[in-house]
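> Provided below for reference: sequence and predicted model.
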Amino acid sequence: MNEAAKQQIDEYKKIVEKKLDEYLPVKYPQEIWESMRYSVLAGGKRLRPVLCLETCKVLSGSYEQAIPAACAIEMLHTQSLIHDDLPCMDNDDYRRGKLTNHKKFGESTAVLAGDALLSFAPQIIIQNTPKTVSEEKILKVLEEFLVSAGAEKLIAGQVVDIDSEGKQIDEKTLNFIHDNKTAALFKLSIRTGAILGNAAESQLNALTDYAQKIGLAFQIMDDILDVTSTLEELGKTPGKDEKEQKVTYISFYGLEESKKQVASLCARACDILKENDILSDVLQGVADSITERVN
Ligand code: GRG
């Protein structure tokens, strides 16, 4: 990734950190707001909001209109991590280099913090998107958000993932899990940026295709890191997939072939941008850097 792209990403991250802090006050009862803030402000990579802001900027020349939606998507993502870590799901002790929400606040507060984030996030979009964005566009963004968070996407992926533990699933099922558990939020981030950036239909389709490719590549890399990385580097417990007898790209294709697939998906994602004249060092750089990511 070139220096300009790195600097732009750092700038987006700073804005996202500041706005997330601002959007999440501590109210009564403090316990729930503190629990929400604990996980949201725990310092993730902020990749989804970065993708949303950059997509809006590359199409319209400005990203300001997308800040509330970008932060709402990060809240949704954090909610999915809190719930994924619960004892009834993946049962994890660490996330983002800290104790998981339920380890810190107890299980009932963690469930409620996730629920609260899920209903708070769309309010952030409604209450903070600048008046220069039409209500029609805000409704479109909300529809994308709610569909992605629901039983057709994120929840569908999680249900099939849990159902598949200890079973020999086929490649189609594995791709269904990855597409819905992971790629869905990449698509949501980029489509939201595209809608707010006034994308033409062809640009929206191309960007959705790019998002699908990098989302799948990101999840395969997640599976690779689960095998090859450490708790210190990952900020979460490695070796979980084998322990929970999960079928992954590694168990299907082996480590080397999985790495090749990541590289090929990312190269294809970059080609899609070029073929559609979507000239963004950040979007190119994100695709390039997935093959090298360490956490
Ligand atoms: C939406 C009601 C509702 C429930 C969610 C629990 C659940 C259903 C879905 C789980 C989704 C999940 C945890 C997918 C894994 C995706 C993934 C690769 C997460 C890690 O993303 P990073 O590396 O994390 O970007 P950071 O911490 O950097 O943000």
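It's in.

> drop to CA atoms for contacts and neighbour counts, all remaining ones
Fine.

> I124 is in contact with Y23, correct?
Yes: with contacts counted by CA atoms under 8 Å, Y23 reaches I124, the gap being 7.3 Å.

> So these two - more neighbours on which side?
Each of Y23 and I124 has its neighbours counted (other CA atoms under 10 Å); I124 has more, 20 against 16.

> Can you tell me the SS state at that one?
helix (DSSP: H, G, I helix; E, B strand; the rest coil).

> ok, it to the ligand distance?
Relative to the ligand, I124 is positioned 16 Å away (CA to the nearest ligand atom, to the nearest Å).

> Over to K243?
Using CA to the nearest ligand atom, one obtains 17 Å as the distance from K243 to the ligand.

> For stretch 165-185, give me every contacting residue.
For stretch 165-185, the external contacting residues (CA atoms under 8 Å, 6 or more residues apart in numbering) are 48, 73, 77, 148, 153-158, 160-161, 211-216, 218-219, 244-248, 252.

> Between its first and last residues, how far does it reach?
22 Å (CA to CA, to the nearest Å).

> Use 15 as the first number for this chain going forward.
Got it, first residue is 15 now, which makes that one stretch 179-199.

> Can you point out the buried residues in it?
179, 183, 187-199 (16 or more other CA atoms under 10 Å).

> How about stretch 103-117?
Using 16+ other CA under 10 Å as the test for burial, stretch 103-117 gives D106, D107, Y108, R109, R110, G111, K112, L113, T114, N115, H116, K117.

> The ligand next: which of those residues are close?
Counting by CA under 6 Å from any ligand atom, R110 from the buried residues of stretch 103-117 sit close to the ligand.

> Please narrow the buried residues of stretch 103-117 to those residing in helices.
Those of the buried residues of stretch 103-117 mapping onto helices are N115, H116, K117, per DSSP state H.

> Next, format these as CSV and append pLDDT and distance to A80.
Formatted as CSV, the entries for these read as follows, by pLDDT from 0 to 100; distance: CA to CA, whole Å:
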residue, pLDDT, distance to A80
N115, 98, 28
H116, 98, 31
K117, 98, 33
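
> per-residue confidence at I140?
For I140, the model assigns a pLDDT of 98.

> Quick check, it in contact with I152.
Yes: assessed by CA under 8 Å, I140 is found in contact with I152 at 7.3 Å.
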